[in-house]
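Undergrad: sequence and computational prediction follow.
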Amino acid sequence: QVQLVESGGGLVQTGGSLRLSCAASGLTFSSYRMAWFRQAPGKERELVARFSNFGGTIYADSVKGRFTISRETAKNTVYIQMNDLKPEDTAVYFCAARRIGLPNYDYWGQGTQVTVSS
């Protein structure tokens with residue numbers, strides 16, 4: 001059974017930083033590419049950052065230069081370091097996994113709340 005468990009969310013002031021973690025189990029981590037999405041109240045879920053099929057990183061324009069996605073294969077864990085946070089970054093953040101070469105994210109975590117106060 002595949003499980004993705006996020007942690008690290010919380011309340012932070014504008015300009016602050018957070019690092020989210022997503023621990024994966026029940027899948028062969030090296031066969032999957034991970035991503036972070038977010039969903040703010042009243043808005044659609046949007047991609048924040050992801051790994052491409054070849055292991056490169058892709059970011060939403062709104063977070064480029066502030067967020068960094070990384071992974072630790074030995075721990076089956078993906079991270080997102082979020083710096084210079086803004087109130088518009090407030091959302092529930094989800095990690096997701098897709099098999100390499102396929103377009104759809106089949107597995108999702110339960111989400112972790114990030115709130116940035118002004």
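TA: Yep, it's here.
Undergrad: what about the chain, any weak spots by pLDDT?
TA: Counting by pLDDT under 70, the chain shows no low-confidence range.
Undergrad: helices along that one, start to end?
TA: In the chain, no helices are defined using DSSP state H.
Undergrad: list the contacts for the residue lying closest to V48 once chain neighbours are set aside?
TA: The shortest distance from V48 to any non-neighbouring residue, by Cβ to Cβ, 6 or more residues apart in numbering, is to W36 (4.4 Å). Yep, even glycine has a C-beta here, placed from its N, CA and C like the rest. Applying Cβ atoms under 8 Å, 6 or more residues apart in numbering, we find W36 in contact with 20, 22, 47-50, 69, 78, 80, 93-96.
Undergrad: just the buried members of the residues you listed?
TA: If you count burial by 16 or more other Cβ atoms under 10 Å, the buried members of the contacts of W36 come out as L20, C22, V48, A49, R50, I69, V78, I80, Y93, F94, C95, A96.
Undergrad: okay, which residue is most central for the chain?
TA: The residue lying closest to the centre of the chain (Cα atoms, centre = their mean) is W36, at 2.4 Å.
Undergrad: so what's that one bridging to?
TA: A49, C95 (DSSP bridges).
Undergrad: so how far is N53 from it?
TA: The gap separating W36 from N53 is 17 Å, by Cβ to Cβ, to the nearest Å.
Undergrad: cool, and A24?
TA: Distance from A24 to N53, counting by Cβ to Cβ: 17 Å.
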